[in-house]
Each structure stands twice: as structure tokens, then as C-alpha cells.
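Student: Here is my input; please provide its structure:
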Amino acid sequence: MESVSIRHALSRGAFHAVLGATFATALLLWPRLLVLAALATATVGFLIFEAARLRVPSLRRWFSALFAPLLRKEEEDKLTGSSYFLIGCLLTAVTFPKDIACLAILFLSFGDPTATVVGIWKGRKKLWGRSVEGDIACLIACILVGTLVAIILENPTLIVAIVGAIFATLFQALPLRLNDNLTIPLGSATAMMLASTLQSCLYH
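Tutor: You can find the predicted model right below:
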């Protein structure tokens, strides 16, 4: 049973990682308005489909059968995590500068799935309903992603990226009412904005 759960988490995590990395790369390479328009269209379109799926039993059964490797049981009769993922990415991309938005989206795309996989695989100790091992794995993944982005792009700085990684992990771990597909990118991006502003004030 555990191996099935891990395979499911890996499939779901890989899908979100590819999706998020695509959004982040597009934000960096293509015109911002074009990317935001495409992301908004995809988000609204998927939400409309979700609404139809939840109201039409045959469509719901078809969707559940087709995307079984990516769905959690409870998502069969409510919004999927992908809906929240798209909304979180869109709000982050609209609200924050592209460099910070890209990194926050990458934290969500790689940190959260890593926490889930490690939590299922090796999770033993619990804190706030989440595994401590998963939280640590999330932090490591986010720091690695943040360091890589800071070295390649040189913006945000390494210090700002590490602050973002810490807050991404915190928002992943906290037992908040809001879905963590929203809190991780928005929370970490806000923390990076504040850290970047503080850093600018200190060095200028």
C-alpha cells in the first residue's frame, strides 16, 4: 500500500513540478503580459471544467478514470489540487516582480511535492499534522532551488532566496485553513519582497 502511495505522490509531484517549471521559465523568457494572459486563460478554463465535472456525474467518472494517477480520493467530488495550484501561480505572477514570482512558483512546484513524497516514505515524527521529515526535505529542496536560481539569475540574491525557502517551508508546514498551493507561493514571495526591500535599505 505504501509503495502505491509513493508512486501516486511521485506522479502527482512530477506533474506539478513540470507545470510550475514551465510557468516560471515562461515568465522569465516571454513577455509578461502574454504569459499572464495565457496563465489566466488556462486557470479560468480549468475552473470552468472543474465546475462542470462536479455537476455532471458522467464527466466526473471519465475525469477520475483518466487522471487516477494524479488524483487524491477526496478530489473526486471537490476542486482538485491543480485548481489551487493554477490559482496560486496566477496570483503570484500577477502580484510580484517576475524574478520573485518565478522563485516562489518553483518553491511550490518542488518543495511541496518533496515534502509529500518524503513524508509518505520516511515520515515518523509529526508536527502540526505534517511529518517533520517531510518539512526538512521541503526546506532542503527549496534551498537548493533558491541557491541555483540566485547563482544563475543573480536576482533575487542568495540571502533573499534562502529567506523565501524558509518561509515556503513554514507555509507548507503550518496548519492553515487556506490550501498550501496558495499560501506557499504567496507567503514566500511576500517574505522575499520584504527581505529584498530590507536588503536594499541596508546596502544603499
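Student: Run the chain-centre distance for stretch 87-105.
Tutor: 10 Å (C-alpha atoms, centre = their mean, to the nearest Å).
Student: Also stretch 74-92?
Tutor: The answer for stretch 74-92 is 10 Å, by C-alpha atoms, centre = their mean.
Student: what comes up buried for it?
Tutor: Buried residues in stretch 74-92, defined by neighbour count with 16 or more other C-beta atoms under 10 Å: 75, 79-92. From N, CA and C alone the C-beta is placed, and that goes for glycine too.
Student: now do stretch 167-176
Tutor: 167-173.
Student: Can you tell me what sits against it?
Tutor: Contact with stretch 167-176 is made by 104, 107-108, 111-112, 115, 127-130, 135, 138-139, 142, 180, 183-185, 187-188, 190-192, as judged by C-beta atoms under 8 Å, 6 or more residues apart in numbering.
Student: Could you do stretch 134-149 as well?
Tutor: 102-103, 106-107, 110-112, 114-119, 123, 127, 156, 158, 161-162, 164-166, 168-169, 172-173, 188.
Student: Would you mark the buried spots in the longest helix seen in the chain?
Tutor: Taking DSSP state H as the criterion, the chain has its longest helix at helix 2-29. Within helix 2-29, the residues that count as buried by 16+ other C-beta under 10 Å are 8-13, 15-17, 19-21, 23-24, 26-27.
Student: and if you look at stretch 176-192?
Tutor: 180-192.
Student: ditto for stretch 118-137
Tutor: Buried residues in stretch 118-137 (16+ other C-beta under 10 Å): 118-121, 123, 130-131, 133-137.
Student: what do you get for stretch 92-109?
Tutor: Neighbour-count burial for stretch 92-109 [16+ other C-beta under 10 Å]: 92-93, 96, 99-109.
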